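Q: have a look; sequence and predicted model below, questions after that.
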Amino acid sequence: MLDTIAASMPLRWAAGLAGAGLIAWLAHRRRALTASGAWSALVMGAAYFALGGPLWFGSLLVFFGTSVFWSRWKRHARAKREAERHYAKTGRRDAGQVWANGGLGLALCAAYAVWPRPEIAAAFVGVMASVNADTWATEIGALSRTQPRSVLTGRAVPAGTSGGVTPLGTSAALAGAALIGLTAALLGGADATGFGAAALVALAAASGLAGAMADSLLGAWQQAMYRCFACGALTERNVHCGEPALHAQGRRWMTNDVVNFLSSLAAGVLAALAAWLTKI
């Protein structure tokens, strides 16, 4: 069995590089990825395809495809433009964003290739559900007509503030997480994780929403925020309105990419724990 897998690896890598290369090139041409983001997506996509299978590569594609769609949907809406003024990164995704959202999933993909345990597959579903939930919450929630409220204090905050949540954004997060669960169920995730299809969707929805909430909590509590000298806005950017901004709160190293990684890690741990508990 191992000899068969080893013999097929060069072909899998070649196919993965070709497919991921085409997707990365198209995304770069469509200005969805920067040059560094495109190269990172090429490497990551090829590795997902070579080391994993439909479950792993398909989940990544659903996350990437829907992320690009929602980031461009109503991109010229006033509410969305206002929210994006405060985000650290908008529009084209760079290498940092690509690895923050997909790197942990790739590590789990590689681990499962060596040690195919249901807990690892479940953790992967949780991780991908979390990053998809967070992206949907950010992109769709920015269009909310309801003013966001801080997940820490419950007070109203300006649109785009880290840790601000709305009913629309929370609903979008739940839908984005559930979509990953449905994708996983359709691509063999039930066998890999040991959950039935309906249970797998529920697992993804619960862990993904938990990850999105953890993202909001870390964003409000620890993420680095800066005060713009020119317009007075509290923003994730250390340069705003063309000028260096003053560090106002949070830890300088706790960037948006770090927050994304840690919150998806929390979701993966929850999903893996759920898989482990069902086997006891």
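A: Good, I have the coordinates.

Q: would you map the strands across this structure?
A: If you assign secondary structure with DSSP state E, the strands in the chain sit at 149-150, 164-165, 225-227, 234-235, 239-240, 243-244, 246-249.

Q: need the helices for the stretch 101-250 of the chain, in chain order.
A: For the stretch 101-250 of the chain, helices defined by DSSP state H, counting those that start in this stretch occupy the ranges 118-141, 167-186, 189-193, 197-221.

Q: take these and write them to CSV, including distance to residue 33, mean neighbour count and mean pLDDT.
A: (Glycine included, C-beta is placed from N, CA and C.) CSV is the format used below for the helices of the stretch 101-250 of the chain (distance: least, C-beta to C-beta, whole Å; neighbours: other C-beta atoms under 10 Å; pLDDT from 0 to 100):
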stretch, distance to residue 33, mean neighbour count, mean pLDDT
helix 118-141, 14, 29, 96
helix 167-186, 20, 23, 97
helix 189-193, 27, 22, 93
helix 197-221, 22, 24, 95
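
Q: dump those helices into JSON lines; add distance to residue 277 as well.
A: Converted to JSON lines, the helices of the stretch 101-250 of the chain look like this (distance: least, C-beta to C-beta, whole Å):
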{"stretch": "helix 118-141", "distance to residue 277": "10"}
{"stretch": "helix 167-186", "distance to residue 277": "18"}
{"stretch": "helix 189-193", "distance to residue 277": "13"}
{"stretch": "helix 197-221", "distance to residue 277": "11"}
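
Q: nearest spatial neighbour of residue 216, skipping sequence neighbours?
A: In space, not counting the residues next to it along the chain, residue 216 is nearest to residue 151; the distance is 4.4 Å by C-beta to C-beta, 6 or more residues apart in numbering.

Q: wait, what's in contact with that neighbour?
A: The contact partners of residue 151, by C-beta atoms under 8 Å, 6 or more residues apart in numbering, come to 163-165, 213, 216-217, 220.

Q: most widely separated two among these?
A: Checked with C-beta to C-beta, those reach their widest spread between 164 and 213, with 12.5 Å between them.

Q: pick the most deeply packed of the strands of the chain.
A: Between these, strand 164-165 has the highest mean count of neighbours, a mean of 25, where neighbours are mean count of other C-beta atoms under 10 Å.

Q: and that strand, average pLDDT?
A: Mean pLDDT, strand 164-165: 88.

Q: and the residue nearest to residue 216, how far from residue 177?
A: In this structure, residue 151 lies at 17 Å from residue 177, with C-beta to C-beta, to the nearest Å as the measure.

Q: now do residue 64
A: 16 Å.

Q: kindly report the same for residue 219.
A: From residue 219 across to residue 177, the span is 18 Å (C-beta to C-beta).

Q: quick one: which of the contacts of residue 151 is nearest to residue 115?
A: For the contacts of residue 151, the residue nearest residue 115 by C-beta to C-beta is residue 213; the value is 29.9 Å.

Q: for that closest one, give its distance to residue 131.
A: 14 Å.

Q: and the residue positioned nearest the centre of the chain, how far is that from residue 18?
A: Centre of the chain computed as the mean C-alpha position; nearest residue by C-alpha atoms, centre = their mean is residue 131, 2.2 Å away. According to C-beta to C-beta, residue 131 and residue 18 sit 25 Å apart.

Q: cool, and residue 271?
A: Here the criterion is C-beta to C-beta. By it, residue 271 lies 31 Å from residue 18.

Q: those two: who's more crowded?
A: residue 271 (32 against 12; other C-beta atoms under 10 Å).

Q: buried residues in stretch 62-71, which are they?
A: Buried residues in stretch 62-71, defined by neighbour count with 16 or more other C-beta atoms under 10 Å: 62-64, 66-68, 70-71.

Q: ok, so of these, who is nearest residue 108?
A: Within the buried residues of stretch 62-71, distances to residue 108 taken as C-beta to C-beta reach their minimum at residue 63, with 13.8 Å.

Q: and stretch 21-38, how far from the chain's centre?
A: Stretch 21-38 has its C-alpha centroid displaced from the chain centroid by 17 Å (C-alpha atoms, centre = their mean, to the nearest Å).

Q: no wait, stretch 103-122
A: Its chain's C-alpha centre lies 17 Å from the corresponding centre of stretch 103-122 when counted by C-alpha atoms, centre = their mean.

Q: how about residues contacting it?
A: The contact list for stretch 103-122, computed with C-beta under 8 Å, 6+ apart, reads 44, 47-48, 51-52, 55-56, 59-60, 123-124, 127-128, 131, 189, 192-195, 203, 261, 264-265, 268, 271-272, 274-276, 279.
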